[in-house]
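Trainee: Below: sequence and its predicted model.
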Amino acid sequence: MREIEIKKGKINDDLLLKFGFTRWKNGFNYCCNIIDGQMKLCFFVLNGKLYSEIIDEFDEEYTLHLNDGAGGEFVGRVKNEYESKLNEVLDEIIEFRSYKSVQANEIIEYLRLKYNNELEFLWDDDNAIARRLDNKKWYIVFMTISKSKLGFKSNDRVEVINLRLTEENVAKCVDNSRFFPAYHMNKRYWITLMLDGGIETAEIFKLIDESYDLVSNKRKVKK
């Protein structure tokens, strides 16, 4: 079986059942015929992860569609039908999570355009991260938390980000009104910013760039 990487959103059990998945062992499965009935394509969901498998007419697993070097008309048909069905499944079973604030969405678009990054939802909540593509290190964390976590006398929830800065810049920036000691991360090297318009978006972009550079392999980063 091949694991399918899901970078955005999470699999929704209700959407699985609506699409046609059935409960299977400790998860779900869905199968359909491809290549005019010559093969069977199956998708499995186990522990929130999606897997796929193609079974040929001899009841054996077919894997040539996963080999970039494999060619030929038949392999091409398998690849096309597989990708088409996979995209259909992903479109129907993934619950996409989004952020409400204007700044959060501006930042997400900035990460996409400048660094070719998409948010990764690693936990079963609204928290997400983005990481460098070269070394897989995080440089920004998105969270939705209670304002009381930042020292306010309020339980209102607010969208925030954590960014990596030098120890010197952390000490300069933290003022407990716009910049806060990092929530749930090393407070010597990370800061938390509320995405409520209190900081100009252009200024946040500059701090994101600094955070991105600081977690490169060319620097020794303390976590």
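Mentor: Cool, the structure landed.

Trainee: looking at it, residue 174 is touching residue 188, isn't it?
Mentor: No. Using C-beta atoms under 8 Å as the test, residue 174 is too far from residue 188 to be in contact (10.6 Å). All C-beta spots, glycine's among them, are computed from the backbone N, C-alpha and C.

Trainee: what is in contact with those two at once?
Mentor: By the contact definition C-beta atoms under 8 Å, 6 or more residues apart in numbering, residue 174 and residue 188 are jointly contacted by no residue.

Trainee: quick one, which of those two is more surrounded?
Mentor: Between residue 174 and residue 188, counted using other C-beta atoms under 10 Å, residue 174 has the larger neighbour count: 17 against 14.

Trainee: For the most centrally placed residue in the chain, give its distance to residue 130.
Mentor: Central residue of the chain (C-alpha atoms, centre = their mean): residue 120, 1.7 Å from the mean position. Computed with C-beta to C-beta, to the nearest Å, the distance linking residue 120 and residue 130 is 7 Å.

Trainee: Tell me the strands beside the strand or helix carrying residue 140, with direction?
Mentor: With the criterion set as DSSP states H and E, the secondary-structure element containing residue 140 is strand 138-146. Pairing partners of strand 138-146, with direction, according to DSSP bridges: strand 128-131 (antiparallel), strand 157-164 (antiparallel).

Trainee: Pick the most deeply packed of those strands.
Mentor: Stretch with highest mean neighbour count among the strands paired with strand 138-146: strand 157-164 (a mean of 22; mean count of other C-beta atoms under 10 Å).

Trainee: roughly how far is it from the heart of the chain?
Mentor: Per C-alpha atoms, centre = their mean, to the nearest Å, the displacement of strand 157-164 from the mean C-alpha position of its chain is 16 Å.

Trainee: what mean pLDDT would you report for that strand?
Mentor: Within the predicted structure, the mean pLDDT of strand 157-164 is 96.

Trainee: In this protein, where's the longest helix?
Mentor: Looking only at the chain and at elements set by DSSP state H, the helix with the highest residue count is helix 73-93.

Trainee: Against residue 38, how distant is the residue lying farthest from the centre of the chain?
Mentor: In terms of distance from the mean C-alpha position of the chain, residue 58 ranks first, at 37.3 Å (C-alpha atoms, centre = their mean). Counting by C-beta to C-beta, the separation of residue 58 from residue 38 is 10 Å.

Trainee: Nice, that's everything, thank you.
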